[in-house]
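Visitor: Fold the stuff below for me.
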Amino acid sequence: MPPLEIAGRVGRVLARFDQAEALLVTDLTNIRWLTGFTGSNGWALLSQREVVLITDGRYGDQATAQMTHAGVDGRVIVGLSSAAMLNALAAEVAGLSSVGFESAHVSYEQYQRFEGLFTTSLVPVGGVVEAERRRKDAGEIARMAEACRIADAALAEVAHDLDGRTEAEVRNQLEIRMRELGASGPSYETIVAAGPVNAARPHHRPTDTRIEPGHTVIIDVGALYDDYHSDMTRTFVVGEPTQQQLEMYEVVLAAQRAGVDAVQTGISTAELDAVCRDAITEAGYGEWFSHGTGHGVGLLIHEDPFVNRTGDLKLQVGDVVTVEPGVYREGFGGIRVEDLVVVTDNGCQVLTASPKDSPCPPSPPMI
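Guide: This next block holds a predicted model:
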């Protein structure tokens, strides 16, 4: 599997950033992406001179080892208490005239602590790390492809046997099987939504509702592999589909395929959303489509770019996004089809492989 290209990330972020002499990164996901550090407490101070990672006594050796493994040239400072960490940070910024901080990730209380200790001017900065995180490298894409493979395999083993089982039982089996296939866990709480009420709720949480013939069953499942997520939805009809169920499935599938085909560099997130939304609206079911068309995926299951009616970002090579239109109506249930795709120079590469041609549950995998 290709390595993660971590070593050059700090330079890319700093190239976007000229508001202050250094950038204080406090969001743990951003810290992990920049340094390889996976602990639950720490700050990273980035400057043209060096990277300084400040953490507590639980993580000193881990931080040093992970930064070395990531190829990041930097120092680790260990504070044995929160006060000691703050004092260490204050000492590091003391000679600087200004320091940027992640305004979206620092609480007012935390800001007051920083302001009370620093003689340095604090400059709010938004989104510079996240902007670089959007562009996935080959190592990141390979990990997400493996997460997709695991989820695909688990779904193939479970989806053929839905009738008579509860939503919670299906969820549990999917999550257990993903771990057995190599995932560290699910990307999110797996959605299994069945029947005329539960399947009409896009983010329904599985219950003891029993799956019965006639139900539409939405299964939204993703695997977490080496900190990277996957995301996929397939919808099934248990038993013989009705004419309405077949018609609605074809409407959603056609909209979803049109969305995947439209993914390319330069298209705006609002334009991509419109491709799927217009197809469903033209079929007469626009009011049944109640959420955005998709979102970015990476170290977080929901991250930029968000694909919705008001989105103004343009897709770029390396973006990994979902395309997931759906229709929902109580009394009918719901249908959603979702793939995870990576934007390439000539369109996109689909990372999820589970069949979607038919709402009928697949046959058991061949042994």
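Visitor: Torsion angles phi and psi at the closest residue to Pro355 other than its chain neighbours?
Guide: With sequence-adjacent residues excluded and distances taken as CB to CB, 6 or more residues apart in numbering, Pro355 is closest to Pro362, at 6.0 Å. (Glycine included, C-beta is placed from N, CA and C.) Phi and psi for Pro362, reported as degrees, to the nearest 10, are phi -70, psi 160.
Visitor: residues in contact with Pro362?
Guide: Taking CB atoms under 8 Å, 6 or more residues apart in numbering, we find Pro362 in contact with Ala156, Ala159, His160, Pro355.
Visitor: Can you flag which of those belong to helices?
Guide: Among the contacts of Pro362, DSSP state H puts Ala156 in helices.
Visitor: And the contacts of Pro362, which of them are buried?
Guide: Neighbour-count burial within the contacts of Pro362 applies to Ala156, Ala159; the criterion is 16 or more other CB atoms under 10 Å.
Visitor: how about the contacts of Pro362, which pair is most distant?
Guide: Across the contacts of Pro362, the longest distance by CB to CB is 11.3 Å; it joins His160 and Pro355.
Visitor: Relative to Ser82, how far out is the residue nearest to Pro355?
Guide: 52 Å (CB to CB, to the nearest Å).
Visitor: again, but for Asn308
Guide: Taking CB to CB, one finds Asn308 at 38 Å from Ser82.
Visitor: who has more neighbours, those two?
Guide: Set Asn308 next to Ser82 and count neighbours by other CB atoms under 10 Å: Asn308 wins out with 16 against 11.
Visitor: residues in contact with the more buried one?
Guide: Asn308 is in contact with Thr269, Ala270, Asp273, His291, Gly292, Thr293, counting by CB under 8 Å, 6+ apart.
Visitor: looking at those residues, which has the most residues close by?
Guide: Neighbour tally across these (other CB under 10 Å): the maximum, 28 neighbours, falls on Thr293.
Visitor: Surely that residue and Arg277 touch.
Guide: Yes - using CB atoms under 8 Å, Thr293 is in contact with Arg277, at 6.8 Å.
Visitor: shared neighbours of these two, which are they?
Guide: Common neighbours of Thr293 and Arg277, counting by CB under 8 Å, 6+ apart, are Pro325.
Visitor: Find the nearest non-adjacent residue to Ala283, please.
Guide: Val251 (4.5 Å).
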